[in-house]
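Engineer: From the sequence below, what's the structure:
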Amino acid sequence: MAYAEDGELEYDPGYDPAAVDPYDLPLEGLDVSHPIIFKNYTMWRWFERLRKEDPVHYTPHSEFGPYWSITKYKDIMDVDTNHKVFSSESTLGGITIRDQREEFPLPMFIAMDPPKHDVQRKTVSPIVSPQNLAKMEPVIRERVGLIFDSLPMNEEFDWVDKVSIELTTQMLATLFDFPWEERRKLTRWSDVATADEKSGIIDSMEQREEELLECAAYFTNLWNERVNAEPKPDLISMMAHSKTMNNMSPQEFLGNLILLIVGGNDTTRNSITGGLYALSQRPDEFAKLRANPELVDSLVPEVIRWQTPLAHMRRTALEDAVIGGKKIRKGDKVVMWYVSGNRDEEVIENPNELIIDRPRPREHLSFGFGIHRCVGNRLAELQLKIVWEEILRRFDDIEVLGEPERILSSFVKGYATLPVRINA
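Structural biologist: Prediction:
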């Protein structure tokens, strides 16, 4: 940040957030949207300061334009559960701090308000019904076993690629009934969908859009096959045979595909990695888990809270409103920092620690609340539960060999690599 001659704070693109202590900055200029502080894992003091000094904070200048930061648990709940005032509509900017490009809109049901949101969500939600999850459980367990049985022993490998990505990509291929041998296309499209030019994943937004159009073309072929066939219990067939979704525009079809791909991939895979990394730093907790494997049931939601795989969700105010004593005006961008709310000391005791037998471990914000609460939350928990049950059955020692490489993003709070070795 820098000050102009008239004394007004203005955005300085040369500002290096990785090189400063947030407590040394003027509070009014604090901008927690910098992707680099997430990659360098230094964002905690930034959010700590906001929670203490200005929990509903206005940033007038940033890479993403002006925005409000909502950083405390209860204030986030107030915004998340009030869709009549705080909109997710893609035409107003969507659900991330980065506005959707007007040249390339991607409407999706998480970025819609009722009633359209409700009918589209209802179309795909049966795939994660309790009955369907019961059918999926043995399939997931078999695949987790095959992945673990294929891992090298006594040599270094990347846990993210071999385990976290592979498992979640296999699950996505199952949900879409996607050609198995090409399932890594889903991984690539998920990464591209949330990337920008600085991420190292794409070179330009034009490249991003070209690759996403390739995704749309591939799935359109699958749609055309299934719309003329008998209905099947996969996501494409469900949409193709639904009265509420079978006439989507190409951009809306692509938007919903991206939602389902990212929702089913990035979040679970980063919690799989985050859980192993967190426990490797806390040998006493790991020993507690090995001594009592039934603690997997509370470990899973605790990992999801501690990791918070999506750092934020964004809304747009439809009218003037007051949150935390601050007046938010109609049209303002409002960012709910789940990553901060999940570390709110006033709601969660000792929030920076991963405690596998924590009371009320599901008291977290990672899945959101209100009408946009994650539709696949139980599937995510089931996958993580099976992963940890099978780890405890198979491996005595998974050694994390170094720090993970994290993703450059203030939206997806994730991992690019994590070096490990299974000591047999």
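Engineer: Shouldn't Glu399 be within a strand?
Structural biologist: Yes - under DSSP: H, G, I helix; E, B strand; the rest coil, Glu399 sits within a strand.
Engineer: Please name the spatially closest residue to it (chain neighbours excluded).
Structural biologist: Arg421 (4.9 Å; Cβ to Cβ, 6 or more residues apart in numbering). All C-beta spots, glycine's among them, are computed from the backbone N, C-alpha and C.
Engineer: Now do the same contact list for that neighbour.
Structural biologist: When contacts are counted by Cβ atoms under 8 Å, 6 or more residues apart in numbering, Arg421 touches Asn154, Glu155, Glu156, Phe157, Ile398, Glu399, Leu401.
Engineer: Assumed it was part of a strand.
Structural biologist: Yes - with the criterion set as three-state DSSP, the secondary structure at Arg421 is a strand.
Engineer: Could I get the contacting residues of the residue most central in space within the chain?
Structural biologist: Centroid-nearest residue in the chain, with Cα atoms, centre = their mean: Leu310, separated by 3.0 Å. Counting by Cβ under 8 Å, 6+ apart, Leu310 makes contact with Asp266, Thr267, Tyr338, Ser366, Phe411, Val412, Lys413.
Engineer: Need the nearest residue in space to the last one, chain neighbours excluded.
Structural biologist: Spatially, and ignoring its direct neighbours in sequence, Lys413 is nearest to Ala311 (4.4 Å; Cβ to Cβ, 6+ apart).
Engineer: And for the one you found, the neighbour number?
Structural biologist: 26 (other Cβ atoms under 10 Å).
Engineer: Also Gly29?
Structural biologist: By other Cβ under 10 Å, 18 other residues sit near Gly29.
Engineer: Quick one: mean pLDDT over the lengthiest helix in the chain.
Structural biologist: Taking DSSP state H as the criterion, the chain has its longest helix at helix 250-280. Mean pLDDT, computed over helix 250-280, is 90.
Engineer: contact partners of the helix or strand following it?
Structural biologist: Scanning forward in sequence from helix 250-280 by DSSP states H and E, the next helix or strand is helix 283-291. Here helix 283-291 makes contact (Cβ under 8 Å, 6+ apart) with Leu279, Ser280, Leu295, Val296, Leu299, Leu354, Ile355, Ile356, Asp357, Trp388, Leu392.
Engineer: Same check on stretch 73-83?
Structural biologist: 55-56, 70, 86, 113-114, 313, 315, 321, 323-324, 334, 336-338, 341-342, 344, 346-348, 365, 368-372.
Engineer: Looking at the residues you listed, which are in helices?
Structural biologist: Going by DSSP H, the helices hold Tyr338, Gly341 from the contacts of stretch 73-83.
Engineer: pLDDT score assigned to Glu8?
Structural biologist: On the pLDDT scale, Glu8 gets 46.
Engineer: do the same with Pro55
Structural biologist: 98.
Engineer: Give me the neighbour count for the closest residue to it other than its chain neighbours.
Structural biologist: Leaving aside its chain neighbours, Pro55 sits nearest to Lys72 (4.4 Å; criterion: Cβ to Cβ, 6+ apart). For Lys72, the number of neighbouring residues by other Cβ under 10 Å comes to 24.
Engineer: got it, and the one 4 residues further on?
Structural biologist: Residues contacting Ile76 under the criterion other Cβ under 10 Å number 26.
Engineer: what's the answer for Glu403, then?
Structural biologist: Using other Cβ under 10 Å, Glu403 has 11 neighbouring residues.
Engineer: what does Ile272 give?
Structural biologist: Neighbours around Ile272, by other Cβ under 10 Å: 28.
Engineer: That one and Glu381 touch, don't they?
Structural biologist: No - contact criterion Cβ atoms under 8 Å: Ile272 and Glu381 do not qualify, at 11.8 Å.
Engineer: Could you export the contacts of Leu310 as TSV, including neighbour count and distance to Ile36?
Structural biologist: As requested, these are exported to TSV (neighbours: other Cβ atoms under 10 Å; distance: Cβ to Cβ, whole Å):
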residue	neighbour count	distance to Ile36
Asp266	25	19
Thr267	25	22
Tyr338	26	19
Ser366	24	23
Phe411	23	14
Val412	26	14
Lys413	25	13
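Engineer: of those residues, closest to Gly376?
Structural biologist: Closest approach between these and Gly376, by Cβ to Cβ: Thr267, at 8.2 Å.
Engineer: quick one, phi psi at the nearest residue to that closest one once chain neighbours are set aside?
Structural biologist: Once flanking residues are discounted, Thr267 sits nearest to Pro309: 4.2 Å by Cβ to Cβ, 6+ apart. When read as degrees, to the nearest 10, the backbone of Pro309 gives phi -70, psi -20.
Engineer: just checking, Pro309 touches Ser271?
Structural biologist: Yes - contact criterion Cβ under 8 Å: Pro309 and Ser271 qualify, at 5.5 Å.
Engineer: higher neighbour count, those two?
Structural biologist: Ser271 (27 against 24).
Engineer: contacting residues around the residue lying closest to that one once chain neighbours are set aside?
Structural biologist: What sits nearest to Ser271 in space, not counting adjacent residues and going by Cβ to Cβ, 6+ apart, is Gln307, at 4.9 Å. The neighbours of Gln307, taking Cβ under 8 Å, 6+ apart as the test, are Asn270, Ser271, Gly274, Gly275, Ala278, Ser366, Lys413.
Engineer: how near is Gln307 to Leu279?
Structural biologist: To Leu279, Gln307 is 12 Å away according to Cβ to Cβ, to the nearest Å.
Engineer: any weak-confidence spans in this protein?
Structural biologist: Low-confidence segments of the chain (pLDDT under 70): 1-15.
Engineer: Now with 80, please.
Structural biologist: 1-15, 101-106, 108-109, 111-112, 127, 264-267 (pLDDT under 80).
Engineer: For it, just list every one of the strands.
Structural biologist: 2-3, 9-10, 56-59, 67-70, 86-87, 156-158, 313-317, 321-323, 326-328, 333-336, 398-400, 405-406, 415-417, 419-422 (DSSP state E).
Engineer: returning to what we had before: out of the contacts of stretch 73-83, which are buried?
Structural biologist: Buried members of the contacts of stretch 73-83, counted by 16 or more other Cβ atoms under 10 Å: 55-56, 70, 86, 113, 313, 315, 321, 323-324, 334, 336-338, 341-342, 344, 347-348, 365, 368, 371-372.
Engineer: what about stretch 18-37, how long is it end to end?
Structural biologist: End-to-end distance for stretch 18-37, by Cα to Cα, to the nearest Å: 6 Å.
Engineer: Can you tell me what sits against that stretch?
Structural biologist: Here stretch 18-37 makes contact (Cβ under 8 Å, 6+ apart) with 1, 9, 17, 40, 42-43, 45-47, 49-50, 53-54, 57, 59-64, 67, 69, 71, 97, 198-199, 335, 337, 340, 408-410.
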